[in-house]
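Q: Got a sequence here, can you model it:
(chains A and B)
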Amino acid sequence: MRMSRALKGGLFKGVLFLSLLVGFLTLVVLLVDVFNDGLPFLDRTLLTSPPSGDPDIAGARPAILATIYIGALLLAFVVPIGVATAIYLEEYANKTRWYNRLLEINIQNLAAVPSIVYGILGLAFLVRGIGLGRVLLAGAMILTLLVLPTVIIAAREAIRAVPDSIRQGGYALGATQWQVVSRQVLPAAIPGIATGSILALSRGIGETAPLILIGAVTYISFDPTILGPFTALPIQIYSFLRLPQAEFKLLAAASIIVLLAILLTLNAFAIFIRNRYRRSW
Amino acid sequence: MQTDRGTITRIALLLLLVAVLAGCGGDGRDSDDAAGDDTVATTTSESGGDESGGDLSGRIQADGSSTVGPYTTAAAEAFQGVEPGVQVTVGVSGTGGGFERFCRGETDLSNASRAIKDEEIAACKKEGIEYVEFQVANDALTVVVNTENDWAQCLTVEHLTMIWNTGSKVNNWNQVDDSFPDEDLKLFGPGTDSGTFDYFTDEINGEEGASRSDYGASEDDNVIVQGVTGEKGGLGYFGFSYFEENQDSLKAVEIDGGDGCVAPSVETAQDGTYQPLSRPLFIYAKKESFKRPEVEAFVQYLIDNETQIAESSQYVPLTDEQLMKAKSDFEAAVEEVGA
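A: Below is the predicted model:
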């Protein structure tokens, strides 16, 4: 039995298209469902009021603010540490040394550790160990650890993608290693680093398990502070869903839309930076 | 060519700087916004305070049972209207998880859907945490079935034990009682961290925590609601407020504890005829915390307004007798710490 080459090609294309549909349709169904339920509840009250036992006046303001705070702190912590680590591993580390290889393996393994384990670590060391308490800062710090490997790996890929000829050219002109890294390699790697960082941030602010462990509360009526008790949007969504009144399910859907909006804004920002700073040699 | 590359480098550096600044700017704006919002929030709450004359401030932390959580939340919300300066947070780590934190001295109040256990008492003692127990509401643990279930109007405790006991292999309704039809029995219930689970297993299977484990377990009672709604032969159990909220889609089974069939209701939970599944709900308060006026005021408020809070958040209120006891326990505790 011989199939014509064209038929085989067409069949292959069809299989690829079906694979694409699996992800796409799932997303569409989810979005339609969430928007159907949530849109009527997506109003000022949701954004400006604290949670309440009465679904008519309940909002998610403390959770939304806390998620924004956590996101800002997370970026402030994770980008410098992650990029610095990546520069060291790519530009400075001697790969024949055992300790550098050990570092590398460690970082790759960290990326595969389940998030709940980071939560346990945070509870033991940050909350109880150094006595930081169940505060927003502890949450941001534990999420930093959680997404750090992702940022390091993305930044390393970006740095590695800078052609070696650029470095060699710099050295040929008498530049020091630091000058080559800071003036040539790093600027060229910005798109990759930015994309990696923002995707890591998106993952971080969607995370629930470690925050529950370090004691994010479920009812909080006042605006969060960095050193105060907090809740986050995913936890707020979960606690809305547990309440007996049916209206809270719709409020949860509306909160999901808010979380989606925050995530999509961040992703759009990443795409913008990538396009803005992309250059080719 | 060389100048070109120089320019590119310079532009790239400039852009990096801009990106960094923009990043900082973004953060700054966020916090500015938040600061602005903060001021608004504080002003409103201050003006609210002036109206009602509340002048207490401070932070009260509560954690524990997810069954009692909405009660404390409702109380905290109402209390905010009286004392806007007091910040109350409520967590739902489960009754056991709540006591674990409470006995480390991390929380002021611990919500519990069962009485404190011996090992928890020991843990509190070890840390020197003294506490007072307040009953804040009653609950009727409700056994529910699908609305299409027209055979199980009333189940005896023996029926339930047969279904739920450790090692039970019952998976069809006709195994429970000969008069029941041939219908698959699908079980749903709360997970092991739940005080509801502890209470149910203690009353039905005679030992706390003893239960068959091959059922749809969830800490989220709404999942149990959905499970039973979706299965004709479904059976599950949870707190009364979840049944009240889902009366249209579920049917409550009457329970025969030896004195005839009794349906769960506010009345039968209060007068104690709904046996053995009516239970008290508690809040445990750290005695030390009563030295702080805001905690004393909150617990006072909680007890004084027990009936309204319970009714608004769909709990079974205390009887007059139970309420009197809570009041006198509170007064004794306050006197003891000399607050």
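Q: Which segments of chain B make up each domain?
A: Per automatic domain parsing, the domain ranges recorded for chain B read B:56-138+B:280-337, B:142-276.
Q: okay, now A:V78: neighbour count?
A: A:V78 has 25 neighbours, counted by other Cβ atoms under 10 Å in any protein chain shown. From N, CA and C alone the C-beta is placed, and that goes for glycine too.
Q: Any chance of TSV for the domains of chain B, columns distance to A:Y219 and mean pLDDT?
A: Converted to TSV, these look like this (distance: least, Cβ to Cβ, whole Å; pLDDT from 0 to 100):
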stretch	distance to A:Y219	mean pLDDT
domain B:56-138+B:280-337	4	90
domain B:142-276	16	89
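Q: now the helices for chain A?
A: Secondary structure of chain A (DSSP state H): helices at A:5-38, A:44-48, A:61-87, A:98-110, A:115-121, A:136-160, A:164-172, A:177-180, A:186-205, A:209-213, A:233-242, A:247-277.
Q: hmm, back to that, deepest-packed of the domains of chain B, please.
A: Counting by mean count of other Cβ atoms under 10 Å in any protein chain shown, domain B:56-138+B:280-337 has the highest mean neighbour count of the domains of chain B, with a mean of 21.
Q: tell me the contacts of the closest residue to chain A within the stretch 101-250 of chain B?
A: Nearest residue of the stretch 101-250 of chain B to chain A: B:E245, at 3.9 Å (Cβ to the nearest Cβ). Residues near B:E245 by Cβ atoms under 8 Å, 6 or more residues apart in numbering or on different chains: A:P244, A:Q245, A:A246, B:Q314.
Q: Just the buried residues of these.
A: A:P244, A:Q245, B:Q314 (16 or more other Cβ atoms under 10 Å in any protein chain shown).
Q: In JSON lines: those, plus distance to B:G236.
A: Output for the buried ones among the contacts of B:E245, formatted as JSON lines (distance: Cβ to Cβ, whole Å):
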{"residue": "A:P244", "distance to B:G236": "14"}
{"residue": "A:Q245", "distance to B:G236": "19"}
{"residue": "B:Q314", "distance to B:G236": "18"}
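Q: hang on, the earlier thing: the helices of chain A: which one's closest to B:D55?
A: The minimum distance between B:D55 and the helices of chain A falls on helix A:61-87, with 23.3 Å, by Cβ to Cβ.
Q: Compute the inter-axis angle for that closest one and helix A:247-277.
A: Here helix A:61-87 points in a direction 30 degrees away from that of helix A:247-277 (axes from the mean of the first three to the mean of the last three Cα atoms, to 10 degrees).
Q: So A:A232 sits against A:A216, correct?
A: Yes. Counting by Cβ atoms under 8 Å, A:A216 is a contact partner of A:A232 at 5.8 Å.
Q: related to what we said a few turns ago, max pairwise distance over the contacts of B:E245: which two?
A: Maximum pairwise distance among those (Cβ to Cβ): 12.9 Å, between A:A246 and B:Q314.
Q: For chain A, list the residues in contact with chain B, please.
A: Residues of chain A that fall close to chain B, judged by Cβ under 8 Å from any Cβ of the partner chain: A:51-53, A:65, A:68-69, A:72, A:75-76, A:134, A:183-184, A:186-188, A:190, A:194, A:215-223, A:229, A:239, A:241-246, A:249, A:273, A:276-277, A:279.
Q: What's the PyMOL line that selects buried ones from those residues?
A: To isolate the buried members of those in PyMOL, using 16+ other Cβ under 10 Å:
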select buried, chain A and resi 51+52+53+65+68+69+72+75+134+183+184+186+187+188+190+194+215+216+217+218+219+220+221+222+223+229+239+241+242+243+244+245+249+273+277
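Q: show me where pLDDT drops low in chain A?
A: When residues are selected by pLDDT under 70, those of chain A lie in A:1-2, A:280-281.
Q: repeat that with 80
A: Along chain A, segments meeting pLDDT under 80 span A:1-3, A:53, A:215-218, A:242-246, A:278-281.
Q: which residues pair with B:E133 across the strands?
A: Counting by DSSP bridges, B:E133 forms beta bridges with B:Y284.
Q: Please name the residues that touch it.
A: B:A115, B:I116, B:F282, B:Y284, B:D329.
Q: In a markdown table, list the residues you listed along with secondary structure and distance to B:A123.
A: Shown next, in a markdown table, are the contacts of B:E133 (DSSP: H, G, I helix; E, B strand; the rest coil; distance: Cβ to Cβ, whole Å):
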| residue | secondary structure | distance to B:A123 |
| --- | --- | --- |
| B:A115 | coil | 15 |
| B:I116 | coil | 10 |
| B:F282 | strand | 17 |
| B:Y284 | strand | 13 |
| B:D329 | helix | 22 |
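Q: Check these against B:Y71 and report the nearest one.
A: B:F282 (10.4 Å).
Q: Would you check that B:F99 makes contact with B:I121?
A: No. Contact between B:F99 and B:I121 fails when scored by Cβ under 8 Å: they sit 9.2 Å apart.
Q: count of neighbours near A:L199?
A: A:L199, neighbours per other Cβ under 10 Å, totals 18.
Q: List of residues touching stretch B:314-324?
A: Outside stretch B:314-324, the residues within contact range by Cβ under 8 Å, 6+ apart are A:244, B:71, B:135-140, B:240-241, B:244-245, B:266, B:269-271, B:280-281, B:303, B:306-307, B:309-311, B:326.
Q: From the opening residue of that stretch to its closing one, how far?
A: Using Cα to Cα, to the nearest Å, the end-to-end distance of stretch B:314-324 comes to 21 Å.
Q: and it, how far out from the chain's middle?
A: Relative to the centre of its chain, stretch B:314-324 is centred 18 Å away, using Cα atoms, centre = their mean, to the nearest Å.
Q: Ok, stretch A:23-40 next?
A: Mean-position distance between stretch A:23-40 and its chain equals 21 Å (Cα atoms, centre = their mean).
Q: ok so B:L56 is a helix residue?
A: No. Under DSSP: H, G, I helix; E, B strand; the rest coil, B:L56 falls outside any helix and is assigned coil.
Q: Hmm, it is touching B:P293, no?
A: Yes. Using Cβ under 8 Å, B:L56 makes contact with B:P293 at a distance of 5.8 Å.
Q: how about the helices in chain B?
A: Assigned by DSSP H, chain B shows helices spanning B:2-52, B:69-82, B:94-102, B:118-126, B:157-164, B:173-176, B:195-205, B:221-230, B:240-245, B:266-270, B:293-304, B:306-312, B:320-337.
Q: So which elements touch the shortest one?
A: Spelled out, that is helix B:173-176. Counting contacts by 3 or more Cβ pairs under 8 Å, 6 or more residues apart in numbering or on different chains; DSSP states H and E, helix B:173-176 packs against helix B:157-164.
Q: Just the CA trace of the helix it packs on, in PDB.
A: Only the C-alpha atoms of helix B:157-164 are listed here, as PDB (Å, rounded to 0.1, in the frame of the first residue of the first chain):
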ATOM      1  CA  VAL B 157     -27.000   4.800  63.200                       C
ATOM      2  CA  GLU B 158     -26.400   1.100  62.500                       C
ATOM      3  CA  HIS B 159     -27.000   1.700  58.800                       C
ATOM      4  CA  LEU B 160     -24.500   4.600  58.800                       C
ATOM      5  CA  THR B 161     -21.900   2.500  60.700                       C
ATOM      6  CA  MET B 162     -22.300  -0.300  58.200                       C
ATOM      7  CA  ILE B 163     -21.700   2.100  55.400                       C
ATOM      8  CA  TRP B 164     -18.800   4.100  56.800                       C
END
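Q: Tell me what angle that helix forms with helix B:195-205.
A: For helix B:157-164 against helix B:195-205, the angle by the same axes, to 10 degrees is 120 degrees.
Q: shared neighbours of A:A232 and A:A216, anything?
A: Both A:A232 and A:A216 are contacted by A:G139, under the criterion Cβ under 8 Å, 6+ apart.
Q: Enumerate every residue touching the closest residue to B:G85 other than its chain neighbours.
A: In this structure, B:G85 finds its nearest non-sequential neighbour in B:S57, 3.7 Å apart by Cβ to Cβ, 6 or more residues apart in numbering or on different chains. Listed by Cβ under 8 Å, 6+ apart, the contact partners of B:S57 are B:G85, B:V86, B:E294.
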